[in-house]
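Student: missing the sequence, but the structure's below:
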């Protein structure tokens, strides 16, 4: 059995997160996505797909005091999320569903959520020999249980008209994101590239989409995380 450890959640006051000493650990991408997303006072239903150990719901509740649902397929990781939620005293505001995102039609009707977010697996699944042999890592990183198109299709199903979908991914797949967004009725409203150094190519991309949104996309100035000491309020929405 893997041993879990409790860590401070960067410099967010008094927030902690459970991780496994060997194996799954949350990435900076989740923090950037939570900061990138715009949550309005009128947003009542918020859903985080592929929630991992619960970083995004915890940060969003900390920032906006909203109720949030997180969905995580892997039993061991969902358990970490629940432990993290409890550790931060957020049990009344955050619930974790342990299931595949593809099964969410069994939980919720369509046109139900104001905001959906996701930090999904980034890499296509080609052959078991080419993915990480640690099953927790491989499912978190590779499209073993859900692919990009299925994720975007499900987000479209779950969101209300004009609902917002916030996605973090790798720049190499931005063309696919655009194709599938158009296919499933999203307008891409904002794109933010993140660089480890401003002189180097971007390492991740953050995308804001609106269901049945009009055409018109804002490309934000490139952002380097080199030397960043705090990710709180990093973006000017």
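Tutor: Structure received. Since the structure is predicted, the reported quantities are computational estimates derived from the model, not experimental observations. Numbering: from 1, shown residues only.

Student: dump the residue contacts of the closest residue to residue 222 other than its chain neighbours.
Tutor: Counting by CB to CB, 6 or more residues apart in numbering, residue 222 lies nearest to residue 193, which is 5.1 Å off, once chain neighbours are set aside. Bear in mind the C-beta positions are built from the backbone N, C-alpha and C, glycine included. In this structure, residue 193 makes contact with 171, 202, 204-206, 220, 222-223, judged by CB atoms under 8 Å, 6 or more residues apart in numbering.

Student: please produce a PyMOL select command covering the buried subset of those.
Tutor: Buried subset of the contacts of residue 193, written as a PyMOL selection, criterion 16 or more other CB atoms under 10 Å:
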select buried, resi 171+202+204+205+206+223
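
Student: residues contacting stretch 82-91, please?
Tutor: Against stretch 82-91 from outside (CB under 8 Å, 6+ apart): 4, 6, 14-18, 53-55, 57-58, 61-62, 94, 96.

Student: avg pLDDT for it?
Tutor: The pLDDT scores in stretch 82-91 average 98.

Student: make sure the residue nearest to residue 222 is indeed in a strand.
Tutor: Yes: under DSSP: H, G, I helix; E, B strand; the rest coil, residue 193 sits within a strand.

Student: gap between it and residue 156?
Tutor: Residue 193 sits 24 Å away from residue 156, going by CB to CB, to the nearest Å.

Student: who's the residue nearest to residue 222 bridged to?
Tutor: Bridge pairing for residue 193 (DSSP bridges) gives the partners residue 205.

Student: just confirm residue 159 contacts residue 166, I think it does.
Tutor: No: the pair residue 159 / residue 166 is not scored as a contact, 11.1 Å apart, by CB atoms under 8 Å.

Student: more neighbours: which of these two?
Tutor: Using other CB atoms under 10 Å as the criterion, residue 159 and residue 166 rank with residue 159 on top: 26 against 23.
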